[in-house]
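Engineer: What follows is a protein structure lacking sequence information:
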């Protein structure tokens, strides 16, 4: 995967203030407000900052947590995992492996009815959805 490097000024120019706050400053959008929380469109979810492929719709599920939830990324090397001890908790932060942008957090072992027993809780503002073209018939 090719790394994407930009200066802080370049990120600020490319991203909206809300996107910058989440992607570059590890913020979180309010629960149940994101564009993709309840989306069921078939397609590929990409990093909003750099366009790298991160998740596919067939790995998305409704967890009720208020953010889009996936049970796995498209590839093991698409996302970097980092221990996050902010806010008095120990969590696992998910970042885009290509551009190091904050995506959300990964929760495991909580009894999710998924093939991986994981919930990748991802901010909608960190993603763009590339819908799959309908099959011609």
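Structural biologist: Looks like it came in fine. Every value quoted in this text rests on a predicted model; they were computed, and no experiment measured them.
Engineer: how about the helices in the chain?
Structural biologist: Secondary structure of the chain (DSSP state H): helices located at 8-14, 17-23.
Engineer: Contacts for stretch 39-50 next, please.
Structural biologist: 4, 11, 14-15, 19, 23-24, 36, 52-58, 60, 68, 70, 74, 96, 98-99, 101, 103, 122, 125-132 (C-beta atoms under 8 Å, 6 or more residues apart in numbering). Any C-beta I mention is one placed from the backbone N, CA and C, and that applies to glycine too.
Engineer: got any ranges where this protein has weak pLDDT?
Structural biologist: 110, 134-137 (pLDDT under 70).
Engineer: Not counting sequence-adjacent ones, nearest residue to residue 79?
Structural biologist: residue 73 (4.6 Å; C-beta to C-beta, 6 or more residues apart in numbering).
Engineer: any idea how far the one you found is from residue 52?
Structural biologist: Residue 73 is 10 Å from residue 52, where distance means C-beta to C-beta, to the nearest Å.
Engineer: re earlier: my read is that the residue nearest to residue 79 contacts residue 120, right?
Structural biologist: Yes - under the criterion of C-beta atoms under 8 Å, residue 73 makes contact with residue 120 at 6.9 Å.
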